[in-house]
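# turn this into a model:
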Amino acid sequence: MAEREERYGEHVAVRRDGHVAELVLDRPRAMNAVSTAMARSLTAACAALGEDREVRAVVLTSTAERAFCVGADLKERNGLSDAELLRQRPVTRAAYTAVLDLPVPVIAAVHGFALGGGFEIALSCDLIVADATAVVGLPEVSVGVIPGGGGTQLLPRRVGAARAAELVFSARRVPAEEARALGLVDQLVAEGEDRAEALALGARIAGNSPVGLRAAKRALRLGQGLDLRAGLEVEDAAWRSVAFSGDRAEGVAAFNEKRKPQWPGE
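Residues are numbered from 1 along each chain as shown. This next block holds a predicted model:
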């Protein structure tokens, strides 16, 4: 049972249970289509989570039965002028960036449709747990735009340039089994089990050093796209940032004393 729930606007919530925070997309009637207001709420929620040193893992979930998130709210966009669309752009971009920039491990729990911006939200997470109903894809070129929430950059990093090109250019929807085979998702579970499995994984992750988790994520993210030598320098800098921490001292002591560590988080 979650300790408490905080609301960020009408369509985003955060539930906290120990060191795991559940970031909830809560616009079920629209299958979590990302409106301007929802984007602002997602940015605000991520900002609060990023500043909370008690949080060691975030699990991103959905209250919609048939979807994780279907992407941008095209009904809203249909009524926008060119100038209004241009003003909306930094708002929606900030929401995707906010998920990507969370300093702790983030797991997406995906069921049903995760399309366009919805799949880009999942791609912005470190890990994706999907159930058997999941259907993912970046169909933006079919409506005259391109993936604008990081998809053209995040997808190649997951599956390679050629595979990403095929998926973006074809705009096709990929069912769960194929998505797992292609590496579009990391773990495939039975229908309805995505949230429970993602939360369980989050709890396992949160049992580790908060200092180590943040440094490891920083090294993994900053090293992407660098050559090996440069990447090793990133790793060395991250190692030096934790080598003399209270967490490192406690971890070594707990190992030698054969007990569970009590992380100071310093």
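# now do the phi/psi pair for the closest residue in space to I146 that isn't next to it in sequence.
Of all residues not flanking I146 in the chain, E140 sits nearest, at 5.3 Å (CB to CB, 6 or more residues apart in numbering). Bear in mind the C-beta positions are built from the backbone N, C-alpha and C, glycine included. E140 has phi and psi values of phi -60, psi -40 when expressed as degrees, to the nearest 10.
# let the chain start at 828 from now.
All set: I'll call the first residue 828, so the last point we hit is now E967.
# check contacts around E967.
G943, I973, P974, G975, G978, V995, A998 (CB atoms under 8 Å, 6 or more residues apart in numbering).
# just the closest of the residues you listed to Q1089, please.
Q1089 has its nearest neighbour among those in G978, at 41.1 Å by CB to CB.
# thinking again about what came up before, how about the contacts of E967 in TSV, adding secondary structure?
Formatted as TSV, the contacts of E967 follow (DSSP: H, G, I helix; E, B strand; the rest coil):
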residue	secondary structure
G943	coil
I973	coil
P974	coil
G975	coil
G978	helix
V995	helix
A998	coil
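# export those residues to JSON lines and append columns for distance to E1093.
JSON lines is the format used below for those (distance: CB to CB, whole Å):
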{"residue": "G943", "distance to E1093": "41"}
{"residue": "I973", "distance to E1093": "44"}
{"residue": "P974", "distance to E1093": "40"}
{"residue": "G975", "distance to E1093": "39"}
{"residue": "G978", "distance to E1093": "37"}
{"residue": "V995", "distance to E1093": "43"}
{"residue": "A998", "distance to E1093": "48"}
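# now, of the residues you listed, which are buried?
Buried subset of the contacts of E967 (neighbour count, 16 or more other CB atoms under 10 Å): G943, P974, G975, G978, V995.
# the second one is in contact with G943, isn't it?
So the one you mean is P974. Yes - between P974 and G943 there is a contact at 7.1 Å, judged by CB atoms under 8 Å.
# what's the overlap in contacts for these two?
When CB under 8 Å, 6+ apart defines a contact, the residues bordering P974 and G943 alike are L965, E967.
# can you pull out the helices in the stretch 928-1077 of the chain?
944-950, 978-986, 988-997, 1003-1009, 1021-1033, 1037-1050, 1055-1069, 1073-1084 (DSSP state H, counting those that start in this stretch).
# which residues of this protein score low on pLDDT?
828-830 (pLDDT under 70).
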